[in-house]
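Peer 1: Pasted the sequence and its predicted model underneath.
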Amino acid sequence: MLWSGDGVLAIGIAAVLPRAEARQRIRAAVREAAAQWLQLDIEAISVESTPGAPPRLLLPGGVASLSFSHDEGLSLAAVHLHGAVGIDVMRVQDIPDWANLARDYLGPQVAEELAACPDAQRPLRLAQAWTAREAALKCAGLPLMEWDGVVLNYKVQHIALQGGFVAMLATPKTKTGVGPLGSDPGLSAVGFPRETYINPQCPLLIDRRRSGRKSVLR
């Protein structure tokens, strides 16, 4: 369990696994974690996945929003009992074609910000902007798409991880403009996370690393 509070649960599994096995593991783990979190029988909890729609966590008497994300060596899941949720993880890495990637998917303002970054900082800033955008898209129930000029107005927060990964969690804003995880605005106007962090209350990342074939999970 990475973090829980205000109706939101985030968990992770650290393991290098083929995509299909990683999907099975994180789905089993989120059921187990939710059962402990909500003090329910695990057999009463199931994951619903419908093509073209966000996954959902089926609970006795209700449904919770659910989001998954994978990168090589790490799988994350987020549950929100009171609204939509989106989570995304990415390993910080040097991407040669970062300029086209940023322009096509993150928009001109973020692309300009990245271009102005020192070279040493750019991989981290790109990972922050990318995961923030993807988490917001998932929260809105939208697939990954090229930049369309629409700024998604969601509460986005950074989940502190180790091992060179960046992760972002998106939830709807309340009517007062304050998200359920705190009062920080979360994102600057150009889409970069401000220096605000969730400090995990339960900093236990389930570690199931195994040797074997590596695969990049998206």
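Peer 2: Cool, the structure landed.
Peer 1: Okay, now stretch 100-109: how far is its last residue from its first?
Peer 2: 13 Å (C-alpha to C-alpha, to the nearest Å).
Peer 1: Any buried residues in that stretch, and which?
Peer 2: For stretch 100-109, the buried set under the neighbour-count rule, 16 or more other C-beta atoms under 10 Å, comprises 102-103, 105-107, 109. Just so you know, the C-beta spots here come from the backbone N, C-alpha and C atoms, and that holds for glycine as well.
Peer 1: And for residue 31, the neighbour number?
Peer 2: 20 (other C-beta atoms under 10 Å).
Peer 1: scratch that, residue 99 is what I was asking about
Peer 2: Using other C-beta under 10 Å, residue 99 has 14 neighbouring residues.
Peer 1: surely it meets residue 113?
Peer 2: No. Using C-beta atoms under 8 Å, residue 99 is not in contact with residue 113; the gap is 11.8 Å.
Peer 1: How about the backbone phi and psi for residue 140?
Peer 2: phi -80, psi 0 (degrees, to the nearest 10).
Peer 1: Leaving out sequence neighbours, find the closest residue to it.
Peer 2: Spatial nearest neighbour of residue 140, chain neighbours left out: residue 152 (5.7 Å); criterion: C-beta to C-beta, 6 or more residues apart in numbering.
Peer 1: List the contacts of that neighbour.
Peer 2: The neighbours of residue 152, taking C-beta atoms under 8 Å, 6 or more residues apart in numbering as the test, are 133, 136-137, 139-140, 170.
Peer 1: Roughly how far does residue 84 sit from residue 119?
Peer 2: Residue 84 sits 36 Å away from residue 119, going by C-beta to C-beta, to the nearest Å.
Peer 1: Neighbour count: the two, which is higher?
Peer 2: Between residue 84 and residue 119, residue 84 has the larger neighbour count (other C-beta under 10 Å), namely 17 against 7.
Peer 1: how about the more buried one, secondary structure?
Peer 2: coil (DSSP: H, G, I helix; E, B strand; the rest coil).
Peer 1: correct me, but it touches residue 136?
Peer 2: No. Residue 84 is beyond contact range of residue 136, at 10.2 Å (criterion: C-beta under 8 Å).
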